[in-house]
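[1] dropping a prediction and its sequence here:
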Amino acid sequence: MVIRAVVWDVDDTLFDYTSADREGMRTHLLAEGLLTRYASVEEALVRWREITDLQWARFAAGEVDFETQRRDRTRVFLERELTDDEADDWFRRYLVHYESAWSLFPDVLPVLDALADSHRHAVLSNSSLHVQDRKLRVLGVHDRFEAILCAAELGVSKPAADAFLAACEALTLPPDQVAYVGDHPEIDGRGAADAGLLSVWIDRGGMYATVEPPAGPRRIASLAELPSLLRADTRFGAPSTFG
C-alpha cells in the first residue's frame with residue numbers, strides 16, 4: 001500500500017524539547033533563586049522531569065485537565081501550596097525562559113522539503129492545541145501541516161488507537177496509507193503500529209539503545225532516513241538504515 005501522508009509527533013521529534021526544557025528550566029531556576037535547593041542544575045532538572053512525567057500521566061488518564069497538571073507540576077516542584085494564579089504566574093515566568101531556547105532539529109526542514117510534493121502532512125501530539133499551534137508558528141513550520149490534532153482537544157491521547165485514527169480521519173485516509181513518526185518507542189512506536197499505521201520510531205542519538213525495540217515500528221536514527229523508507233515497500237520488510 002502506498003503511503004500518502006505523514007503524521008508527526010512534535011516534542012523531541014520535530015522540536016528539540018529536551019534541550020529547550022533543560023536550558024529553559026536552568027535559566028528560570030537561576031532567575032528565581034532556586035538552584036541552591038539542589039546539589040546541581042542536573043539534579044533540579046531530573047526532579048522537574050520526574051514531576052512533569054507524573055503529572056502528565058494524570059492528564060493523559062483524564063484525571064485532571066491541562067491547566068491543572070501545569071499548576072500541580074509547579075506546586076509539587078516548589079513543595080508549597082499556591083493559588084491557581086500564583087502557580088500560573090510562576091509557570092508563565094518559566095515559559096519565557098523555555099521559549100527562548102526553542103529550536104527545530106537540524107534534520108527537520110530538509111526532510112519536510114524533500115517530502116513536500118510527495119506526501120501530505122499533519123501533527124498528532126499529546127499536548128494542547130494552544131501550546132503546539134503557537135510552537136509550530138514560532139518555529140516557522142505551522143503552514144506545513146494540513147491538520148494539527150492534540151490530546152487536550154481530542155479527549156484521547158497516544159498510545160490509544162483512537163488518537164491515531166483521528167489523525168487519519170482528519171486526512172480522510174485509511175491507516176494503511178499513513179505513516180506516523182514519533183520519538184517514544186511505546187507511546188508513538190507501538191501505538192501507531194497497533195492502530196494500523198506505518199510506524200516510524202526515531203531514536204535520536206540512540207537514547208533508547210538499551211531498550212528492546214517494540215514489534216511493529218521501523219527504527220531510524222535521523223529523519224534523513226525517512227524519504228527512502230517511505231518510498232520502499234516497508235510493510236514487507238525493507239530494512240531501516242539504523243546503525
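    Great, that's in hand.
[2] buried set for the lengthiest helix in the chain?
    Determined from DSSP state H, the single longest helix within the chain is helix 41-60. Buried positions in helix 41-60, judged by neighbour count with 16 or more other C-beta atoms under 10 Å: 44, 45, 48, 51, 52, 55, 56, 59, 60. Just so you know, the C-beta spots here come from the backbone N, C-alpha and C atoms, and that holds for glycine as well.
[3] so can I have CSV of those residues showing pLDDT?
    Output for the buried residues of helix 41-60, formatted as CSV (pLDDT from 0 to 100):
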residue, pLDDT
44, 91
45, 88
48, 92
51, 96
52, 91
55, 94
56, 85
59, 85
60, 79
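[4] re the thing from before, off-centre distance for the longest helix of the chain?
    15 Å (C-alpha atoms, centre = their mean, to the nearest Å).
[5] now, which of the buried residues of helix 41-60 sits nearest residue 22?
    For the buried residues of helix 41-60, the residue nearest residue 22 by C-beta to C-beta is residue 45; the value is 5.5 Å.
[6] ok, back up a step: the longest helix of the chain packs against which elements?
    Helix 41-60 sits against helix 17-32, helix 66-78, helix 151-154, with contacts defined as 3 or more C-beta pairs under 8 Å, 6 or more residues apart in numbering; DSSP states H and E.
[7] off-centre distance for the shortest one?
    To tie it back to what came earlier, the one meant is helix 151-154. 14 Å.
[8] picking up where we left off before, list of residues touching the longest helix of the chain?
    21-22, 25-26, 29, 34-35, 37-38, 64-66, 68-70, 72-73, 76-77, 126, 151-152, 157 (C-beta atoms under 8 Å, 6 or more residues apart in numbering).
[9] same question, stretch 91-98
    So stretch 91-98 is contacted by 20-21, 23-25, 27-28, 31-32, 70-71, 73-74 (C-beta under 8 Å, 6+ apart).
[10] now with 10 Å?
    By C-beta atoms under 10 Å, 6 or more residues apart in numbering, the surrounding residues in contact with stretch 91-98 are 17, 20-32, 48, 67, 70-71, 73-74, 77, 82, 131.
[11] how does the protein divide into domains?
    Per automatic domain parsing, the domain ranges recorded for the chain read 5-16+103-236, 17-99.
[12] just those: most buried one?
    domain 5-16+103-236 (a mean of 19; mean count of other C-beta atoms under 10 Å).
[13] any stretches of the protein with poor pLDDT?
    207-213, 233-243 (pLDDT under 70).
[14] now residue 220: phi and psi?
    Note on residue 220: backbone dihedrals following degrees, to the nearest 10 are phi -130, psi 160.
[15] can you tell me how far it is from residue 17?
    Per C-beta to C-beta, to the nearest Å, residue 220 is found 18 Å from residue 17.
[16] what's the answer for residue 103, then?
    Relative to residue 17, and taking C-beta to C-beta, residue 103 is found at 10 Å.
[17] same question, residue 198
    Residue 198 is 24 Å from residue 17, by C-beta to C-beta.
[18] next: residue 33.
    25 Å.
[19] likewise residue 114?
    Residue 114 is 23 Å from residue 17, by C-beta to C-beta.
[20] show me the helices in this protein, by range?
    Taking DSSP H to define them, one finds helices in the chain at 17-32, 41-60, 66-78, 84-99, 108-115, 129-138, 151-154, 161-170, 191-194, 226-231.
[21] now do the last one: which elements does it pack against?
    It stands for helix 226-231. helix 108-115, strand 178-182, strand 198-202, strand 218-220 (3 or more C-beta pairs under 10 Å, 6 or more residues apart in numbering; DSSP states H and E).
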